[in-house]
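Peer 1: no FASTA, just this:
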């Protein structure tokens, strides 16, 4: 059993503004283990960015606290907090590089803050640049780099002080899919090679799927569900988790039908377009919720879950239609 | 066209104007830069919020900024006399120029520093930078091009203020323009003095813009 490196305890955060209070986080409890890649996922506005800023106390929690490597962050003096932040690297959606410094200067920056002498800082910066795979850009300025390259510089900068934890706040959300893949692979690689714990904040399920071991789903300022990524993917329990794992559920709300049926294809002819034929006959749309069919030698195997129109006569008619085609049809409840 | 003593007078005026402008700008920056930094840092969204300090500082700066320069010039006569020993001549003009320019510069510095991306400051905070380190290593260097542009605005504004001091025998080209143009109707001397002022403004502004561009790594 690995030890938790970050423990979030009964943490709440309320923002006060002129229009009253807004509770961004409500009684959060989480343990992040040493060496794992932990994902925190939620829709925008769920509170995940505030949560990650509470981990390094960029935002002070209104209630509760965070233990990092055994230290209660709420009990530290400002100076101790500055010191401890040097063992927590952070990267951001907008990279947040110093625009007036070149790449090496950016990576040296946290080392200057930590009081490392210039020569060793530059040496370390070059090593890190190699680690993130853009050694040739040492003398470029951020404005001359692509988004992916900027994020690599930011990663190198965050790793400069040998932190134990790397916090990633929507680190790939401003990147295109191919670049995202590159950055995710790099993060995974860093986690393996350096054993650094990585906390990933994202709204993209594929980021979690790609690199995380465990995931917490945050919804309306609370943790809805925590668990292994596979477990949450295969069996999401809460509504919030289901919304993230099956994002198509959102469109179902616009479709007014409530009855769902499961159709089992057991070797029927796959040359016959059954569903399309039915839709054309009834002139009513159906909603395909789930499909897992295979075509083996011209025969269809597998199953399909569809949602029927609201009108009961039409829905019953469709069931009759499908049964007439020798398909196994059963109604399923609680699918939506 | 002009007699030699007129030419030498205009030459002196030019030097006096440059002297007043540059010395006042320099001293005003020594006061205004820290004030501008203080305004940004102690702001409620700043890195070291101090609500009441920020409010009081803001009010003082606004008060000083709202007094018209000509009136300020006369209002501060006692201070000027105390510091310089007289209220006429270019040395005496430096005192009201500094008092007028420092709060103006504080606002210029404030607006330059506020342009610095808050994300970059947050990144520095996440690395454990102290407020002092953030000021020196992030805010000032990142705002450098904008600060230089601001200083071009400051220096040209101070130049035009210095010319106003001619009303109270403040020395420099403004003094000459007022004495000859306004009091003696010798328009040609006034036109030459003003033309030189125009050229100085153009040159200083151009230098400022070029320096700002050279130092900027964003393009």
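Peer 2: That came through, no problem. Everything numeric here is computed off the predicted structure, so don't read it as measured data. Numbering: from 1, shown residues only, chains lettered A, B, ... in the order given.
Peer 1: Downstream of the lowest-mean-pLDDT helix or strand in chain A, the next helix or strand is which one?
Peer 2: Ranked by mean pLDDT, DSSP states H and E, the helix or strand of chain A with the weakest confidence is helix A:249-252, at a mean of 48. Using DSSP states H and E, the helix or strand that directly follows helix A:249-252 along the chain is strand A:260-269.
Peer 1: Flag every buried residue along that following strand.
Peer 2: Within strand A:260-269, the residues that count as buried by 16 or more other C-beta atoms under 10 Å in any protein chain shown are A:260, A:261, A:262, A:263, A:265, A:268. Every C-beta, even on glycine, is put in place using the N, C-alpha and C of the backbone.
Peer 1: looking at this, residue A:191 is in a strand?
Peer 2: No - looking at residue A:191 with DSSP: H, G, I helix; E, B strand; the rest coil, it is helix, so not inside a strand.
Peer 1: how far away is it from residue A:110?
Peer 2: Computed as C-beta to C-beta, to the nearest Å, the residue A:191 to residue A:110 distance reads 20 Å.
Peer 1: same thing with residue A:212?
Peer 2: Using C-beta to C-beta, we find residue A:212 at a distance of 25 Å from residue A:110.
Peer 1: Neighbour count for the two, which is higher?
Peer 2: Neighbour comparison, residue A:212 and residue A:110: the larger count goes to residue A:110, with 26 against 23 (by other C-beta atoms under 10 Å in any protein chain shown).
Peer 1: just checking, residue A:194 touches residue A:159?
Peer 2: Yes - with contact defined as C-beta atoms under 8 Å, residue A:194 counts as touching residue A:159 (7.4 Å).
Peer 1: So for these two, which residue has more residues nearby?
Peer 2: residue A:159 (22 against 16).
Peer 1: check contacts around that one.
Peer 2: By C-beta atoms under 8 Å, 6 or more residues apart in numbering or on different chains, the contact list for residue A:159 reads A:89, A:128, A:131, A:166, A:190, A:194, A:196.
Peer 1: What is the neighbour count of the second one?
Peer 2: It refers to residue A:128. Applying other C-beta under 10 Å, we find 22 residues neighbouring residue A:128.
Peer 1: where does it land in three-state SS?
Peer 2: Once three-state DSSP is applied, residue A:128 turns out helix.
Peer 1: Quick check: pLDDT value at it.
Peer 2: In this model, residue A:128 is scored at 96, pLDDT.
Peer 1: Relative to chain B, how far out is residue A:17?
Peer 2: To chain B, residue A:17 is 11 Å away according to C-beta to the nearest C-beta, to the nearest Å.
Peer 1: Ramachandran angles for that residue?
Peer 2: As for residue A:17, its main-chain torsions (degrees, to the nearest 10) stand at phi -140, psi -180.
Peer 1: From chain A, how far off is the residue nearest the centre of chain B?
Peer 2: Nearest to the geometric centre of chain B sits residue B:154, at 3.7 Å (C-alpha atoms, centre = their mean). Distance of residue B:154 to chain A, given as C-beta to the nearest C-beta: 21 Å.
Peer 1: give me every residue that touches residue B:151.
Peer 2: B:25, B:29, B:108, B:208.
Peer 1: per-residue pLDDT, the residue lying closest to the second one once chain neighbours are set aside?
Peer 2: The reference is to residue B:29. Using C-beta to C-beta, 6 or more residues apart in numbering or on different chains and skipping the chain neighbours, the partner closest in space to residue B:29 is residue B:105 (5.9 Å). If you check residue B:105, the pLDDT there is 98.
Peer 1: Show me the helices in the chain, by range?
Peer 2: Since you didn't name a chain, this refers to chain A. Residue ranges of the helices in chain A, as given by DSSP state H, are A:48-55, A:78-85, A:103-113, A:118-131, A:147-159, A:177-194, A:205-211, A:229-234, A:239-245, A:249-252, A:274-282, A:312-324.
Peer 1: Chain B is the one I meant
Peer 2: B:4-41, B:51-66, B:69-75, B:77-84, B:90-114, B:118-126, B:131-134, B:140-142, B:144-164, B:172-176, B:187-215.
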